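*Asks:* Let me see the structure of the following:
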Amino acid sequence: EVQLVESGGGLVQPGGSLRLSCAASGFTFSNYVMSWVRQAPGKGLQWISAIDQSGGTTIYTDSVKGRFTISRDNAKNTLYLQMDSLKPEDTAVYYCNARLLSRDYWGQGVQVTVSS
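*Replies:* As a prediction, this is how the structure comes out:
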């Protein structure tokens with residue numbers, strides 16, 4: 001059974017940091033491009049970052065560039081998102097996504113709330 005389980009979310013003050021994790025199982029993690037996608041209250045899905053299979057190439061949407069860092073540990077089948085200098089507009093449910101050709105897997109999401 002394919003599973004992606006996010007963790008590490010919570011409530012943080014503006015300017016604070018959080019580190020999200022996504023534990024993968026049921027598929028060959030190292031073969032998949034991994035992404036983080038978020039959904040703010042009342043809004044649609046927003047792709048924010050992706051990392052290639054080896055971890056050597058990363059890309060970010062402009063609004064998080066310089067503040068967020070995506071990484072992966074293929075030995076642990078885990079994806080990470082280090083989020084620094086958080087802003088209220090980063091408040092959202094964060095999802096991890098695994099993609100390989102027609103295969104597309106999603107986690108259940110984790111809530112991140114940035115508020116004073």
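
*Asks:* And the helices in the protein?
*Replies:* In the chain, no helices are found when defined by DSSP state H.

*Asks:* Can you tell me which residue is spatially central in it?
*Replies:* Trp36 (3.2 Å; C-alpha atoms, centre = their mean).

*Asks:* Tell me the spacing between it and Glu1.
*Replies:* To Glu1, Trp36 is 22 Å away according to C-beta to C-beta, to the nearest Å. For the C-beta atoms, the positions are set from N, CA and C on the backbone; glycine is no exception.

*Asks:* my guess is the residue nearest to the centre of the chain contacts Ile70, does it?
*Replies:* Yes: when contacts are counted by C-beta atoms under 8 Å, Trp36 is listed as touching Ile70 (6.3 Å).

*Asks:* For these two, list the residues in contact with both.
*Replies:* By C-beta atoms under 8 Å, 6 or more residues apart in numbering, Trp36 and Ile70 have these common neighbours: 49-50, 79, 81.

*Asks:* Closest one of these to Gly66?
*Replies:* Gly66 lies nearest to Ser49 out of those, by C-beta to C-beta, at 11.9 Å.

*Asks:* if we can go back for a sec, contacts only, for the residue nearest to the centre of the chain.
*Replies:* Counting by C-beta under 8 Å, 6+ apart, Trp36 makes contact with 20, 22, 47-50, 68, 70, 79, 81, 94-97.

*Asks:* Neighbours of the nearest residue to Val64 once chain neighbours are set aside, how many?
*Replies:* Take Val64 and drop its neighbours on the chain: the residue closest to it by C-beta to C-beta, 6 or more residues apart in numbering is Ile48, 5.3 Å away. Ile48 has 24 neighbours, counted by other C-beta atoms under 10 Å.
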